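A.B. asks: got a sequence here, can you model it:
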Amino acid sequence: MSDTITLRLATPADLAAVDALLARAYPRLLAADYPPSVLVTAIPLIARARPELLASGRYWLACNSAGAVLAAGGWSRGAPTDGAHRASTAHIRHVVTDDRNTRRGLARAVLTRAMDQARATGVTRFDCWSTRTAERFYQSLGFTTLGPADIPLAPGIAFPAIRMTREG
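C.D. replies: Numbers count the residues shown, from 1 in each chain. Alright, predicted model coming up:
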């Protein structure tokens, strides 16, 4: 019998569960596409839940029947690095799937829900900074690759990513 998956909005009380998911999944999922020298500096900075996202009403979780968080992701109006804001653009944010539960449609379900929510507020464009690992996933959702980008994480630390976009 398969486990029932529920999608729900995150709350600040989910901080520890999302932190644990990111800290467990990112190192395992990204290892095939990034050298250890990048991961050793980036993982401690990217594998942390963002309290402002959890409290935003725009960050979704896929949970199993026991309440464990198996996937997460959401959107914001402001860009992740500088907060630049365009009314019709949403930025896909902090998407993750438990490494033991990939290829089950969980991230797709989370992002479909998040994108539907964003569209209901007038969003017509989605921008995303994808990991190398997730580029094909985003392409399967209709995103177009724009090119490489380095995401500044801290002074002297940048994370190689891929800029992507989707209209509609």
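A.B. asks: so what's the residue nearest to the spatial centre of the chain closest to, chain neighbours aside?
C.D. replies: Ranked by distance to the mean C-alpha position of the chain (CA atoms, centre = their mean), the top residue is Val95 at 1.6 Å. Nearest residue to Val95, sequence neighbours excluded (CB to CB, 6 or more residues apart in numbering): Gly73, at 3.4 Å. From N, CA and C alone the C-beta is placed, and that goes for glycine too.
A.B. asks: pretty sure the one you found contacts Arg108?
C.D. replies: No: using CB atoms under 8 Å, Gly73 is not in contact with Arg108, being 9.9 Å away.
A.B. asks: which of the two has more neighbours?
C.D. replies: Taking neighbours as other CB atoms under 10 Å, Gly73 and Arg108 compare with Gly73 leading, 26 against 16.
A.B. asks: can you pull up the bridge partners for the more buried one?
C.D. replies: Counting by DSSP bridges, Gly73 forms beta bridges with Trp60.
A.B. asks: and what of Thr97?
C.D. replies: With DSSP bridges as the rule, Thr97 is bridged to Ala71.
A.B. asks: from Thr124, how far off is it?
C.D. replies: Relative to Thr124, Thr97 is positioned 27 Å away (CB to CB, to the nearest Å).
A.B. asks: tell me which of these two has more neighbours.
C.D. replies: Thr97 (24 against 13).
A.B. asks: right, and Ile19 touches Ala49 too?
C.D. replies: If you look again at residue 19, you'll see it is Asp, not Ile. Yes: Asp19 is in contact with Ala49 according to CB under 8 Å; the separation is 4.7 Å.
A.B. asks: who has more neighbours, these two?
C.D. replies: For the pair Asp19 and Ala49, the greater number of neighbours falls to Ala49 (23 against 14), based on other CB under 10 Å.
A.B. asks: where does the more buried one land in three-state SS?
C.D. replies: Here Ala49 is recorded as coil under DSSP: H, G, I helix; E, B strand; the rest coil.
A.B. asks: the one 3 residues further on too?
C.D. replies: Three states are possible here, and by three-state DSSP the one that applies to Glu52 is helix.
A.B. asks: can you give me the neighbour number for it?
C.D. replies: So Glu52, with other CB under 10 Å, has 13 neighbours.
A.B. asks: any idea how far it lies from Ala87?
C.D. replies: Distance of Glu52 to Ala87, computed by CB to CB: 19 Å.
A.B. asks: quick one: common contacting residues for Asp19 and Ala49?
C.D. replies: Here Asp19 and Ala49 have no joint contacts, going by CB atoms under 8 Å, 6 or more residues apart in numbering.
A.B. asks: residues contacting stretch 53-68, please?
C.D. replies: In contact with stretch 53-68 (CB under 8 Å, 6+ apart) are residues 3-12, 14-15, 17-18, 50, 69-76, 93-94, 106-107, 109-110, 113-114, 117-118.
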